[in-house]
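Student: sequence plus the predicted model coming up.
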Amino acid sequence: MSTSGNGEAEPASPAPVLLTEPAGGTPAVITEQARLAEVSAAIAAGQGPIAVDTERASGYRYSQRAYLVQVRREGVGTVLVDPVALDDRIDPLITALRGAEWVLHAASQDLPCLVELGLRPDRLFDTELAGRLAGYERVALGTLVEVLLGYRLEKGHGAADWSHRPLPRDWLNYAALDVELLIPLRDTLEAELSKQGKLSWALEEFEALRTASPAPPRAEPWRRTSGIHRVRTPRGLAAVRSLWEARDGLARQRDIAPGRILPDSAIVHAAVAAPDDEIGLLQLPVFRGRAQRRLADVWMRALRAAAGLNRTELPDPSPHNDGPPPVNRWSDKDPAAAARLSAARAALTAIAENNRLPLENLLQPDLVRRTCWEPPADLSESGVAEALRAGGARNWQITLTVAALAEALAVSAG
């Protein structure tokens, strides 16, 4: 029991209510077109926002497709749709969800696989993003539901292999609970944002998220191999690239997560050791296993291909970066830019704290770095605002930050 400011004891907050299953029970999975048409008609006839979620098989499958789609609307209940069983033919559901506001938690994770199915929201409310803008430090779905609604969701299957069939009942129960309270959570967060004067900010953020273009593919994705910093030579980097590409081809062909075919650590070990033959390769960690022995010729071909490259074909150890250099090098490369960034960060941190916002939501850190490294020619507020808008900043962000950022850029540049 805590005490109030006048020393009187305050009652402890009631313990959250544990939800072990949806209020209406765990619904059966829809696997037939006739049933999909029936529930889609009910959804379309309903009122209010629609909670949407998906389950993928990240860590098990190469693709990021949705293996289950969960939908809930007040008055209709929760619907679980198996797009695999339906051969991704879900036109009735696409029609039913059209025009309504969708409520998702961490929408950026689910939207790509929903779009693959032809599901695109016309309006969006992201409860995770709303929680961030409202100033909550912890914005996981379970945490927000517990803090704001007083319920504790039974969790435990988020990292499961959702490509597995049939889906166990306890997994379906977990999936249904993920949308059980999304709409009440949305309403509570909307009220809080409105109270704080941030609802218009959130609506801008939701629309930017809804309309965002897909991220372009990375030019050299193999460079993200974990532990690649241990590889010191261009020839070793070529081996990493060759092994990564061989693994990626197998993973794509078999629809298996690349790390389940060959972990990054094994790629790095092989690139550093540079074995001359399969016997040497099979002495390395991971490669001793039965699965890797069967693929030894694939990995050895990749290593030999890298070894046979001429010098001009080897990857650059320090590839060109179209953005600013790492911040820890700014003081040496451009002291004025380092001073601009320091002043900008101090000003933006104060604004974020005054508005109970995470700094990264106030203004994208990459945009701040780019603006400080290469400021616009026009350092007036209108000039800085134009640069921020061109970099993707929203109107509310520009309104909050442009004066302080223009001042920081101008003072440090002088």
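Tutor: That came in fine, so what should we check first?
Student: what ranges does the stretch 51-200 of the chain have for its helices?
Tutor: Ranges of helices in the stretch 51-200 of the chain, per DSSP state H, counting those that start in this stretch, are 91-97, 107-116, 127-133, 141-144, 169-180, 182-195, 199-211.
Student: redo those helices as a markdown table? Include mean pLDDT, distance to residue 286 and mean neighbour count.
Tutor: C-beta here means a position set from N, CA and C on the backbone, and glycine is covered the same way. Output for these, formatted as a markdown table (pLDDT from 0 to 100; distance: least, Cβ to Cβ, whole Å; neighbours: other Cβ atoms under 10 Å):
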| stretch | mean pLDDT | distance to residue 286 | mean neighbour count |
| --- | --- | --- | --- |
| helix 91-97 | 98 | 43 | 19 |
| helix 107-116 | 97 | 29 | 18 |
| helix 127-133 | 98 | 36 | 23 |
| helix 141-144 | 97 | 35 | 19 |
| helix 169-180 | 96 | 30 | 21 |
| helix 182-195 | 98 | 41 | 18 |
| helix 199-211 | 98 | 39 | 17 |
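Student: want to try TSV for those helices, with distance to residue 354 as columns?
Tutor: As requested, the helices of the stretch 51-200 of the chain are exported to TSV (distance: least, Cβ to Cβ, whole Å):
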stretch	distance to residue 354
helix 91-97	39
helix 107-116	27
helix 127-133	14
helix 141-144	23
helix 169-180	34
helix 182-195	17
helix 199-211	14
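Student: quick one: closest of these to residue 332.
Tutor: Residue 332 sits nearest to helix 127-133 of all the helices of the stretch 51-200 of the chain, at 34.7 Å, using Cβ to Cβ.
Student: residues contacting that closest one, please?
Tutor: Here helix 127-133 makes contact (Cβ atoms under 8 Å, 6 or more residues apart in numbering) with 103-107, 139-141, 144, 182, 185-186, 189-190, 193, 198, 201-202, 205-206, 209, 357-358, 361.
Student: at 6 Å what do you get?
Tutor: 105, 106, 139, 144, 185, 186, 189, 198, 202, 205, 358, 361 (Cβ atoms under 6 Å, 6 or more residues apart in numbering).
Student: now the fifth one: how far from residue 139?
Tutor: Pointing back at residue 185 there. Applying Cβ to Cβ, to the nearest Å, one obtains 11 Å for the distance of residue 185 from residue 139.
Student: just to revisit the earlier point, what's the closest of the helices of the stretch 51-200 of the chain to residue 311?
Tutor: With Cβ to Cβ as the criterion, residue 311 lies closest to helix 107-116 of the helices of the stretch 51-200 of the chain, at 39.4 Å.
Student: now the strands for this protein?
Tutor: For the chain, the strands identified by DSSP state E occupy 2-3, 9-10, 17-19, 29-30, 50-55, 68-73, 77-81, 101-104, 123-126, 151-153, in order along the chain.
Student: pick out the shakiest of those, pLDDT-wise.
Tutor: Between the strands of the chain, the one with the least mean pLDDT is strand 2-3; it has a mean of 39.
Student: just for the stretch 301-414 of the chain, where's the confidence low?
Tutor: Within the stretch 301-414 of the chain, the stretches falling below the threshold (pLDDT under 70) are 412-414.
Student: give me the pLDDT for the closest residue to residue 315 other than its chain neighbours.
Tutor: When the adjacent residues along the chain are set aside, residue 315 lies closest to residue 237, with 4.6 Å between them (Cβ to Cβ, 6 or more residues apart in numbering). Note for residue 237: predicted pLDDT of 98.
Student: correct me, but residue 237 touches residue 316?
Tutor: No: the pair residue 237 and residue 316 does not pass the contact test of Cβ atoms under 6 Å, sitting 8.4 Å apart.
Student: and those two? which has more neighbours close in?
Tutor: Higher neighbour count among residue 237 and residue 316: residue 237, with 23 against 9, using other Cβ atoms under 10 Å.
Student: coming back round to it: mind putting the strands of the chain into CSV with distance to residue 289 and mean neighbour count?
Tutor: CSV is the format used below for the strands of the chain (distance: least, Cβ to Cβ, whole Å; neighbours: other Cβ atoms under 10 Å):
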stretch, distance to residue 289, mean neighbour count
strand 2-3, 55, 8
strand 9-10, 59, 10
strand 17-19, 42, 12
strand 29-30, 36, 20
strand 50-55, 30, 25
strand 68-73, 32, 24
strand 77-81, 37, 23
strand 101-104, 40, 24
strand 123-126, 42, 22
strand 151-153, 38, 18
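Student: relative to residue 394, which of those strands is closest?
Tutor: Residue 394 lies closest, by Cβ to Cβ, to one member of these: strand 123-126, at 14.0 Å.
Student: pick out the residue closest to the middle of this structure.
Tutor: Relative to the mean C-alpha position of the chain, the nearest C-alpha, by Cα atoms, centre = their mean, is the one of residue 109, at 4.7 Å.
Student: and residue 259, how far from residue 379?
Tutor: 47 Å.
Student: and the two? which has more neighbours close in?
Tutor: residue 379 (18 against 15).
Student: could you find the closest non-adjacent residue to the more buried one?
Tutor: The shortest distance from residue 379 to any residue other than its chain neighbours is 4.8 Å, reached at residue 410 (Cβ to Cβ, 6+ apart).
Student: how many other residues sit next to the one you found?
Tutor: Going by other Cβ under 10 Å, the residues that sit close to residue 410 add up to 16.
Student: isn't it right up against residue 380?
Tutor: No: judged on Cβ under 6 Å, residue 410 makes no contact with residue 380 at a distance of 8.7 Å.
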